[in-house]
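In: quick one, what's the 3D model for this:
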Amino acid sequence: VSRSVIREALSRLRMLGILKSYKRRGLEVSSPDVLIGLDRVIIPQILDQKTMKDLFELRLILEMGIAEILFLRKTEEDIAELRLILKREKGSKTRAITIDSEVEFHGKLYDIAGNSTLHRMQSILWPVFDYLERMEMGKGEKPHLSEVSHQMLVDIIEKGTPQQYQEAIKMHIKVHLDRISDEQ
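Out: The predicted model follows:
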């Protein structure tokens with residue numbers, strides 16, 4: 001084959017994260033980032049309502065799905081860290097800090113589950129959730145508060161069951177799903 005075909009193939013493999021190139025050292029096969037393509041196309045400003053709804057449903061599925069592993073891996077230290085996040089959240093005077101605490105709280109849940117891909121997925125999807133929240137605040141709407149607070153979730157994680165957690169997280173995120181469904 002010609003050199004241009006080989007260059008194109010190598011370029012595509014680099015783009016997929018299968019190859020890493022180093023100046024003056026050549027190429028190295030690496031473990032690909034399975035979410036790299038998703039990371040490149042998630043631009044909240046160009047997503048339609050159906051796609052945003054699908055992303056919220058994906059978040060719901062992921063957060064309900066970690067219940068069993070979350071309960072297997074949780075420690076007293078994890079519960080203490082979640083309570084510290086709650087304390088900072090309650091001390092917040094602005095909604096913007098609460099948005100940050102939402103990322104911190106749910107990120108800690110993913111940390112407890114011990115799945116780095118899930119944690120990376122949160123960082124990719126978060127701009128969509130943040131964008132919707134800021135869009136609503138720009139319209140003068142008040143933040144939508146869930147029937148199930150972070151405090152309730154921590155109490156369930158500490159003393160409840162995976163099934164109770166799944167029902168609670170479903171209600172915690174449902175307010176966002178309902179908001180998007182109403183807009184369609």
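
In: hey, where'd the strands end up in this structure?
Out: 19-22, 26-29 (DSSP state E).

In: now, of those, which is deepest in the fold?
Out: Counting by mean count of other C-beta atoms under 10 Å, strand 19-22 has the highest mean neighbour count of these, with a mean of 13. Backbone N, C-alpha and C define where each C-beta goes, glycine included.

In: centre of the chain to that one, how far?
Out: Going by C-alpha atoms, centre = their mean, to the nearest Å, the spacing between the C-alpha centre of strand 19-22 and its chain's C-alpha centre is 28 Å.

In: run me through the strand neighbours of that strand, direction for each.
Out: Strand 19-22 pairs in its sheet with strand 26-29 (antiparallel), by DSSP bridges.

In: ok, back up a step: the strands of the chain into JSON lines, with extra columns for mean pLDDT and distance to residue 12?
Out: Formatted as JSON lines, the strands of the chain follow (pLDDT from 0 to 100; distance: least, C-beta to C-beta, whole Å):
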{"stretch": "strand 19-22", "mean pLDDT": "86", "distance to residue 12": "9"}
{"stretch": "strand 26-29", "mean pLDDT": "87", "distance to residue 12": "13"}
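
In: so which of the ones you listed gets nearest residue 42?
Out: strand 19-22 (23.1 Å; C-beta to C-beta).

In: pretty sure residue 119 sits against residue 108.
Out: No - with contact defined as C-beta atoms under 8 Å, residue 119 and residue 108 do not form a contacting pair (9.8 Å).

In: contacts only, for the residue lying closest to residue 42 once chain neighbours are set aside.
Out: Take residue 42 and drop its neighbours on the chain: the residue closest to it by C-beta to C-beta, 6 or more residues apart in numbering is residue 124, 5.6 Å away. Taking C-beta atoms under 8 Å, 6 or more residues apart in numbering, we find residue 124 in contact with 35, 38-39, 42.
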